[in-house]
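> next come a sequence and a model predicted from it.
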2 protein chains.
Amino acid sequence: MELSCKSEYALLALLELATHYQSGEPLQIRQIAAQQNIPDRYLEQLLATLRRCGLVRSQRGAKGGYLLGREPWKINLFEVICCLEGTDSQSAQKDSGNKITLESTLLREIWQEGCHAANAVLQRYTLQDLCEKRDAKRQLDIMYYI
Amino acid sequence: MELSCKSEYALLALLELATHYQSGEPLQIRQIAAQQNIPDRYLEQLLATLRRCGLVRSQRGAKGGYLLGREPWKINLFEVICCLEGTDSQSAQKDSGNKITLESTLLREIWQEGCHAANAVLQRYTLQDLCEKRDAKRQLDIMYYI
DNA sequence: ACTAAACCCTAGTGTAGAACTGGGGTATGT
DNA sequence: ACATACCCCAGTTCTACACTAGGGTTTAGT
């Protein structure tokens, strides 16, 4: 029930891109990595995965970098996590080891129901929402500081 | 987002115990393992974990075995999975590697919200419910067969 | 008391995935 | 041309999962 490092890094990176979305300028891996202290070579791979899902666009060469693939209010957390965690091409074969009984399918159904509930929560939040929540929190922190 | 083998085995075993709950007689590891085709030496460990959580009681010696720790309608799926997956004694230290930023805590909060939604689903189902659902399904299968 | 049946405890093994790390290739703005 | 930045693929370390194995302890029945 843990949020994987992978997904967390990717979400933090996208959050960074969302923050600079208005500028229209691409952000470089190094910058994002430094800002959120993520190992840059690892982030590179994650961004490549996000690119394949169309969640980010890349610009090669000098002055290149990454841009959000869509507007920040049109990207929700669920699809980001799906993009990274979803490497289930052989998930059907993986389960073939355990025999599929009546009871096991029943359990899987209920488990799926739980997953669906969790996904519904993640689908409700967009990158835009996160940015706003973060800004609200920052304001609160400043208030307390004073 | 996969139901671990561990949890599945444990739930299947508990389901078996719930089925024979009325008899008052203990069920042996071998019997449960054979019925649900689970490796018996592995199941032994899972039952030990369940025992430490009080979800099952054990009777040692000849004619021994396992009994449910409580009535089947008083055990829900959430606590079973918690019992098995909850080995997080050092989870606090585990996260110390990644710096805790404002953004990361925000992400964790939303993730927790999702987890909570999933757990709520699992809490709604008891072993009793599962037995009834299984029996209903079995009846349906028979109907289709005729 | 003896024995066999059952649980109990600890430790080892093999595999797979997560989280990096590194090297070399390709496009692009100046 | 050349530095900058993305691109692709391969290797490495570490940890957890899913077992596997060996020996110990309790108890019912004889």
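Now that the structure is in, tell me what you want to look at. Numbering: from 1, shown residues only, chains lettered A, B, ... in the order given.
> close to DNA strand D, is the helix or strand hosting A:I110?
Per DSSP states H and E: A:I110 is located in helix A:102-124. No - shown here: helix A:102-124 not in contact with DNA strand D (CB under 7 Å from any atom of the strand), separated by at least 12.3 Å. (Glycine included, C-beta is placed from N, CA and C.)
> could you do stretch A:12-20 as well?
No - Stretch A:12-20 stays clear of DNA strand D (CB under 7 Å from any atom of the strand), getting no nearer than 10.6 Å.
> dump the C-alpha coordinates for that stretch into CSV.
This file holds the C-alpha atoms of stretch A:12-20, laid out as CSV (Å, rounded to 0.1, in the frame of the first residue of the first chain):
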residue,chain,number,x,y,z
LEU,A,12,6.9,15.6,-8.6
ALA,A,13,8.4,16.2,-12.0
LEU,A,14,5.0,16.8,-13.6
LEU,A,15,4.2,19.1,-10.8
GLU,A,16,7.2,21.1,-11.6
LEU,A,17,6.3,21.2,-15.3
ALA,A,18,2.8,22.2,-14.4
THR,A,19,4.1,25.1,-12.3
HIS,A,20,6.0,26.5,-15.3
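> touching, A:T49 and A:C83? I think so.
Yes - proximity of A:T49 to A:C83 meets the contact threshold set by CB atoms under 8 Å, at 6.3 Å.
> so for those two, which residue has more residues nearby?
Between A:T49 and A:C83, counted using other CB atoms under 10 Å in any protein chain shown, the more crowded position is A:C83 (19 against 16).
> quick one: the more buried one and A:V56, what's the gap?
10 Å (CB to CB, to the nearest Å).
> now do the shared contacts for these two.
A:L50 (CB atoms under 8 Å, 6 or more residues apart in numbering or on different chains).
> picking that back up, now do the shared contacts for A:T49 and A:C83.
A:A10.
> mind listing what's buried in the very next helix or strand once past the helix holding A:I110?
As assigned by DSSP H and E, the chain's next helix or strand after helix A:102-124 is helix A:127-145. By neighbour count on 16 or more other CB atoms under 10 Å in any protein chain shown, the buried set for helix A:127-145 is A:L127, A:Q128, A:D129, A:L130, A:C131, A:K133, A:R134.
> repeat that for stretch A:112-125.
By neighbour count on 16+ other CB under 10 Å, the buried set for stretch A:112-125 is A:G114, A:C115, A:A117, A:A118, A:N119, A:V121, A:L122, A:Y125.
> gap between it and the chain center?
Counting by CA atoms, centre = their mean, to the nearest Å, stretch A:112-125 is centred 15 Å from the centre of its parent chain.
> and stretch A:62-74, by the same measure?
With CA atoms, centre = their mean, you get 14 Å for stretch A:62-74.
> can you check stretch A:48-68 too?
Per CA atoms, centre = their mean, the centroid offset for stretch A:48-68 relative to its chain is 15 Å.
> contact residues of chain A facing DNA strand D?
A:26, A:28-30, A:44-45, A:47-48, A:51, A:58-66.
> pLDDT weak spots in chain A?
A:87-97 (pLDDT under 70).
> quick one: buried residues of the strand or helix carrying A:E8?
Element membership of A:E8, judged by DSSP H and E, is helix A:5-19. By 16+ other CB under 10 Å, the buried positions in helix A:5-19 come out as A:7-19.
> so is it next to chain B?
Yes - Helix A:5-19 is in contact with chain B by CB under 8 Å from any CB of the partner chain, via A:C5, A:E8, A:L11, A:L12, A:L15.
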